[in-house]
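Novice: what's the 3D shape of this:
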Amino acid sequence: MHRAGHNVGMFREWVGDVWDTLPEGLRASHTIPGEADGTVRVMVRGGLFGGCLNHLLGLPCEGHTVRVHLKMTPTAGGSLWERSFDGRPLLTLMQIREGQVTETVGATAIDYDVVFQPDKVTYMSKDVRWHGRLLAVAVRPKVHAIVTPREGGWYVDVRFSLPLFGLLCHYEGEMRPT
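Specialist: Just a heads-up that it's a prediction; the model follows:
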C-alpha cells in the first residue's frame, strides 16, 4: 500500500514487476515524488466559445511553446499532481483504489483505464463523476492521454473532448525530470 512520502511511488506498487521492464522515461513520468519541466503545444478548438469553455474548465491556454512545470507529491490518499502551464495552475489528485486510477479536479472525478506497455502508457477516461454523481455517457467528457519515453524524459499527448462539441483541448510535447 502507498504511504505518504514513500519514494517507491504508487504507480510502481500498482504495476508490480512490470515497472522494472519499462524504459526510464516512462518510469520517470510516474515516479512520485517527482518534478519535471517541459514545453508543449496547446491547441484549443471552437473559437471564442471554445476558448471561454476551455478557460472555465481550467485547461491550458492555446500556445505554440507553452512552458510546463509538473510536481508530483505523495499524499495520504494518493498523489497531488501540480501542473503549471505558463504559470496557470492545474491541480489534480491521483488515486488508485481497487485497481482503478482516478484523477480528481475540483468537484470532478475521472476514472481511467490505464495500460502500461513497454513503449507507452495510455490513459482512457471511463466513468466521470461530478459532485459524486455518475454522469451519463451523453454528457461525459473524455480524456485520452499517451505518454511515450524519450531520451532523458518523455513525450505527452493529451486530448480533452466534450460530447456534441468534440475535441476541445489538445496538448503535446516533451518533458524532462528536474
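
Novice: mean confidence for stretch 50-63?
Specialist: Looking at stretch 50-63 alone, the average pLDDT works out to 92.

Novice: swap that for stretch 89-107, please
Specialist: 93.

Novice: who touches that stretch?
Specialist: For stretch 89-107, contacts defined as C-beta atoms under 8 Å, 6 or more residues apart in numbering pick out 2, 10-11, 14, 58-60, 72, 75, 77-84, 109-112, 114, 123, 130-131. Quick note: C-beta positions are derived from backbone N, CA and C, even for glycine.

Novice: among the residues you listed, which ones are buried?
Specialist: Neighbour counting over the contacts of stretch 89-107 (16 or more other C-beta atoms under 10 Å) leaves 2, 10-11, 14, 59-60, 72, 78-81, 83-84, 109-112, 114, 123 as the buried ones.

Novice: which stretches of the protein have low pLDDT?
Specialist: For the chain, residues meeting the criterion pLDDT under 70 lie at 1-8.

Novice: Mind naming the longest helix for it?
Specialist: In the chain, taking DSSP state H as the definition, the longest helix is helix 47-56.

Novice: Counting neighbours, which bits of that one end up buried?
Specialist: Neighbour-count burial for helix 47-56 [16+ other C-beta under 10 Å]: 50-51, 53-54.

Novice: thinking again about what came up before, quick one: which of the contacts of stretch 89-107 sit in strands?
Specialist: Residues of these located in strands (DSSP state E): 72, 75, 78-84, 109-112, 114, 123, 130.

Novice: Thanks again, I'm all set now.
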